[in-house]
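J.: Using only what follows, build the 3D model:
(chains A and B)
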Amino acid sequence: MEIAEELAKNQKAISVAEFFEKNRQILGFDSAPRALITCVKEAVDNSLDACEDGGILPDIFVQIKRNGDYYLVAVEDNGPGIVAEEVPKVFAKLLYGSRFHVLRQSRGQQGIGISAAVLYSQLTSGKPARITSKIGPGHKATYCEVLINTAKNEPEILRIEEIDWERPRGTRIELEMDGAYVRSRRQSVYGSLKNVAIVNPHARITLVEPEGNVEVFERATETLPKRSYAIQPHPEGIELGELIKMLRYTERKKLAGFLKETFSSIGSITSQELCKMAGLDPGRPPGSLDHEEATRLLAAFKKIKVKSPPVDCLSPIGELLIKAGLEKEYRLDFIATTVRPVSVYSGNPFLVEVGLGYGGELDKEGRVDILRFANRVPLVYQQGACAITHALESISWKNYNLAQHGGDGIPTGPAVLLVHVASTKIPFTSESKDAIADVPEILAEIELGLKEIARKLRRYMTRQSALSERREKEEIIRKILPKIASKLSDILLQDIPDIGPVVAKIMGNLMVRRLVEKEDGLALVKIAVENHGEISRTFKLHEIVPQEVYDVSPASKAIPIGDGYDYHWGLSLAPGETASFSYKVRSEGHIFSDPVVEGLEADVVTGARVI
Amino acid sequence: MSNIEMAQGKLLDLARTLYGQFQNGIIPHLSLPSRTKSNIEYSIKDDVWVYGDQETHRSVKTIRGAKSLLKTVYLAELLIKEHLQNNRGSTLREIYYISEGWDIAKFHEQAESDRLIEDLEIVTGLHREDFHIRPEEDGAAVFGPLRLREQTRRGEREIHCQEDVGEAGYQIPFNVDNIQFLNHDAKMVMAIESGGMYARLIENGFDEEYGCILVHIKGQPARSTRRIIKRLNAELNLPVVVFTDGDPWSYRIFASLAYGAIKSAHLSEHLVTPTAKFVGVQPSDIVDYNLPTDKLTDQDMHALRSELTDPRFDNDYWKKQIQLQIDLKRKAEQQAFAGKGLDYVTKTYLPERLAELEII
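T.: Sure, this is the predicted structure:
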């Protein structure tokens, strides 16, 4: 027998379940604390997806209990439930799912997550997964105990029966497994659920910890996120192999029809145009194109401007809810958010949303918190490998008032940054879905989003520093100057000096001062107006005198009011400019009321009444 | 006009200036010479280092300036009403504590009140003693053939600084200007850094044998110590020599006695003895007398290098000595002479050095 024939005897197909049994780290079960987090996350993701599909506001209950050497994890939702026949396959067959072939945003995609958790639980504890599910109030619930037959990747049902369940509908899964429960870290069940709550403000999540402590992440909104719809692939960025496969297996008879029906954003006109550009007959059967013709068609895709894919296939969180989510979990002084328009990479639509929280009770010294999300699922591990982190590190944050040691890397300061990438297909670096791959189109969009909110932060900080300058001046004027003045009067035994003129100068106000001198039995009244501000000021100065006056300089209009007259001057003063007015009045015992300024804000005028 | 009236008048002038600024609509402010190394100039007239023309403005436009002026007027009131009008005084530390009751005008640390008092000296051209402010006692002392009269709170005291004092000598009071020199038998004044060497010279009778007034300066000399040395030099016409350890920090002690200190350059004319001469320990003594030594630390080396660029040490003598020490990488204490016998310093080293300096 030849060696090759000898070897061939040992060659056989490997079940996917067997493969993952031996490579559990690929799915995120590499350490005891992490395994627990991953299990909870997979079950919660499934529940959120199911509720979203069913148009139900999610109410998810997570309980973790110690059971001897093992942990018992139970996750229960109020979702639409699963029909009895499907239950074993959904939970105990890897790569079984409803979403893999559909282009639309959802948390789960490949149908691996929850069955991987079941696999891990049966490997470590030897116990089956226990599932209860009910599809509606009129139905009985299905209760099922199931294991995965790893050799065949098929469910092995140990027990299945109909039972009564008090819930109107929903699904509950219980798994027993090896694990370790940690708290007070971001990489914990608590931390991960907190992040889930931020990007799913429509969900209520209750966590019962092993010690019995109950944490409730309350809803911030009663509105469900917009449902995402399935779409056709977008022509932009599609690869040749993929195109040839589509041409070969389509049911369309004509090329033009194929183009129009298979891809999103291509209508009749565009499909005709594409055929013309590629030099192909629109009536040709798609399967008849050879390799060279398919290449021409692909080239035509690149030349023609196809409109962006419809946004329906994606379900962004939205600026309002990002804000609500951040407000819910942090105390902040300032929040900025932005949602980028839909873009495409390799035919997959995606969009980036960014939120930033600043100040409040955040740590002022440490690095900023980075919250990464992909399709509303928090990414907890491998921060350093993620496109979100890379985009963030490439920005020069110093330009936006955040410190950055050495000019690159993660900035420091009291800030939390949230980045959500939504796509019909998130390009993860590995099957454990920890980090988004460095796809150039995605990197560029994240960067644009971050810069947008960074600019908002800068504007906020500038405003703040202007405010604090104002506050500082207020303190000088209200607290310090009066004290200096009264202390000086104590020392010199003189009246407290008028601090008004100094206040006007410090505040950059318009200062109005009136001086009265006696002259030949008349009173000579002088009014000095000085603009201490940094801008020109245009206004009217009124002097209301209960009798007629003489020698008004410069000459003014006088309007009789009541017993007296309103003398007024219109004037405009440049910064630092002064104007003087004078008149004479017969005035034994006459009391003047304050001069009046018209046309300016009261807080920029000192020494006069403002109307 | 008495000292008290003059001091009070100057403080009232300051208050009037600020009061007038309020009345005339001028933003209240004070101008002071800036007290940094870059604003130190050599005064040919007095042979000492004084402040240059750079000024800092302290105005109520900023919160810092406003608070500082507020504290200034509080301090002025304290000095006028409590100190001068009642003829009482406080120490620097007490003033810091008194400010506890001043609300937002209170000092955050003693360094702040000390600085402000120095500012008042500069603005008024007076000394803190004129305001009845005294430093904490630092224990510097004088021993030698000198008779003086001290005006104390409890009356006049006549003291001979050899016959009427214990082994530690006559303790220098904080206000040296309350002392009157009556008569003396001295030929020179020697400022000594360490207590050990001061005691050694007394024990060996150096003061009697050479007619020397010994001043124990206790490390970096206080103002009163510098003032008494200056007065002994100026009024009694006695040459002054300085005897310290042989390390960069000790050279700075000499510099503050002979050239002036950056922090108190406004008082240089009052405190500095430009003709003071450095006896040692010189780096060249380490070689010439083969002294036991210690290794220079990194800080020592750094201090030496910075002295090479210090304008006060910018002359051939210091350049040569400092460079030599950098090459040797060694330093020696005054007490190092004990290794050659207890009398060596008084019988051999000092007579040789004083002869070289043409003092004896």
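J.: Please point out which parts of stretch B:43-51 sit buried.
T.: Using 16 or more other Cβ atoms under 10 Å in any protein chain shown as the test for burial, stretch B:43-51 gives B:43, B:47-51. All C-beta atoms are positioned from the backbone trio N, CA, C, and that covers glycine.
J.: can you check stretch A:359-369 too?
T.: Neighbour count says stretch A:359-369 has A:359, A:362, A:368-369 buried, by 16+ other Cβ under 10 Å.
J.: Between the residues you listed, which sits nearest B:V176?
T.: Of all the buried residues of stretch A:359-369, B:V176 sits closest to A:G359, with 56.3 Å by Cβ to Cβ.
J.: what about the nearest residue to the closest one once chain neighbours are set aside, how many neighbours?
T.: In space, and not counting its chain neighbours, A:G359 is closest to A:D333: 3.1 Å by Cβ to Cβ, 6 or more residues apart in numbering or on different chains. For A:D333, the neighbour count with other Cβ atoms under 10 Å in any protein chain shown is 13.
J.: What of B:H108?
T.: Using other Cβ under 10 Å, B:H108 is surrounded by 9 other residues.
J.: Secondary structure of it: a helix, I assume?
T.: No. According to DSSP: H, G, I helix; E, B strand; the rest coil, B:H108 belongs to no helix; its state is coil.
J.: what's near enough to touch it?
T.: For B:H108, the contact set (Cβ atoms under 8 Å, 6 or more residues apart in numbering or on different chains) is empty.
J.: residues near the closest residue to chain B within chain A, how many?
T.: Residue of chain A nearest chain B, by Cβ to the nearest Cβ: A:P501 (3.1 Å). Neighbours of A:P501 under the rule other Cβ under 10 Å: 24.
J.: for chain B, what's the longest helix?
T.: helix B:3-23 (DSSP state H).
J.: Packing partners of the following helix or strand past it?
T.: Downstream of helix B:3-23, the first helix or strand assigned by DSSP states H and E is strand B:29-33. Counting contacts by 3 or more Cβ pairs under 8 Å, 6 or more residues apart in numbering or on different chains; DSSP states H and E, strand B:29-33 packs against helix B:3-23, strand B:55-59, helix B:63-77, helix B:110-124.
J.: between these, which gets the lowest average pLDDT?
T.: For the helices and strands packed on strand B:29-33, the weakest mean pLDDT is recorded on strand B:55-59, namely a mean of 85.
J.: quick one, what contacts A:K65?
T.: Counted by Cβ under 8 Å, 6+ apart, A:K65 has contacts A:71-72, A:74, A:208, A:210.
J.: ok, and the most crowded of those?
T.: In those, the most neighbours by other Cβ under 10 Å go to A:Y71, 24 neighbours.
J.: all helices for the stretch 251-360 of chain B, in order.
T.: Per DSSP state H, counting those that start in this stretch, the stretch 251-360 of chain B carries helices over the ranges B:268-271, B:283-288, B:298-308, B:316-328, B:344, B:350-356.
J.: can you count the residues close to the closest residue to chain A within the stretch 1-150 of chain B?
T.: Residue nearest to chain A within the stretch 1-150 of chain B: B:G25 (3.1 Å; Cβ to the nearest Cβ). Applying other Cβ under 10 Å, we find 19 residues neighbouring B:G25.
J.: Give the closest residue to it in space, chain neighbours not counted.
T.: A:P501 (3.1 Å).
J.: thought that neighbour was touching A:R513?
T.: Yes. Between A:P501 and A:R513 a contact is recorded at 6.8 Å, counting by Cβ atoms under 8 Å.
J.: Distance-wise, check the residue nearest to A:P88 when sequence neighbours are not counted relative to A:Q122.
T.: Closest residue to A:P88 apart from its sequence neighbours, by Cβ to Cβ, 6+ apart: A:P155 at 3.7 Å. Using Cβ to Cβ, to the nearest Å, A:P155 is found at 11 Å from A:Q122.
J.: now swap in B:P283 and tell me
T.: 83 Å.
J.: before we move on, the earlier item: which residues touch the residue of the stretch 1-150 of chain B closest to chain A?
T.: A:501-502, A:504-505, A:511, A:513.
J.: most neighbours, which of the residues you listed?
T.: A:V502 leads the contacts of B:G25 on contacts (other Cβ under 10 Å) with 27 neighbours.
J.: what pLDDT does that one get?
T.: pLDDT, read off for A:V502, is 87.
J.: Would you agree it is in contact with B:P28?
T.: Yes. Here A:V502 reaches B:P28: they are 6.6 Å apart, a contact under Cβ under 8 Å.
J.: list residues touching both of the two?
T.: Joint contacts of A:V502 and B:P28 (Cβ under 8 Å, 6+ apart) are B:21-22, B:60.
J.: Dump those to a markdown table, plus neighbour count.
T.: As requested, the shared contacts of A:V502 and B:P28 are exported to a markdown table (neighbours: other Cβ atoms under 10 Å in any protein chain shown):
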| residue | neighbour count |
| --- | --- |
| B:Q21 | 20 |
| B:F22 | 23 |
| B:V60 | 28 |
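J.: will you turn those residues into JSON lines that also has distance to chain A?
T.: Compiled in JSON lines, the shared contacts of A:V502 and B:P28 are given as follows (distance: Cβ to the nearest Cβ, whole Å):
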{"residue": "B:Q21", "distance to chain A": "8"}
{"residue": "B:F22", "distance to chain A": "4"}
{"residue": "B:V60", "distance to chain A": "6"}
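J.: And the residue nearest the centre of the chain?
T.: Using chain A here. A:G355 (3.2 Å; Cα atoms, centre = their mean).
J.: Please refer instead to chain B.
T.: Mean-position check on chain B, Cα atoms, centre = their mean. Result B:R223 at 3.5 Å.
J.: So which elements touch the one helix or strand A:Y190 maps to?
T.: Element membership for A:Y190, per DSSP H and E: helix A:189-199. Counting contacts by 3+ Cβ pairs under 8 Å, 6+ apart, helix A:189-199 is packed against helix A:32-54, strand A:59-67, strand A:204-208, strand A:214-217, helix A:319-329, strand A:369-374, strand A:377-379, strand A:415-423.
J.: List the buried residues of the longest one.
T.: What that stands for is helix A:32-54. Neighbour-count burial for helix A:32-54 [16+ other Cβ under 10 Å]: A:34-52, A:54.
J.: near chain B, which residues of the stretch 451-600 of chain A?
T.: Contact residues, the stretch 451-600 of chain A versus chain B (Cβ under 8 Å from any Cβ of the partner chain): A:472, A:475-476, A:479-481, A:483-485, A:487-492, A:494, A:497-499, A:501-502, A:504-506, A:511, A:513.
J.: Which positions in stretch B:213-226 come out as buried?
T.: B:213-226.
J.: on that earlier part again, any common contacting residues for A:P501 and A:R513?
T.: Joint contacts of A:P501 and A:R513 (Cβ under 8 Å, 6+ apart) are A:607, B:25.
J.: List the residues that contact A:L326.
T.: Counting by Cβ under 8 Å, 6+ apart, A:L326 has contacts A:198, A:332, A:335, A:355, A:357, A:416, A:418.
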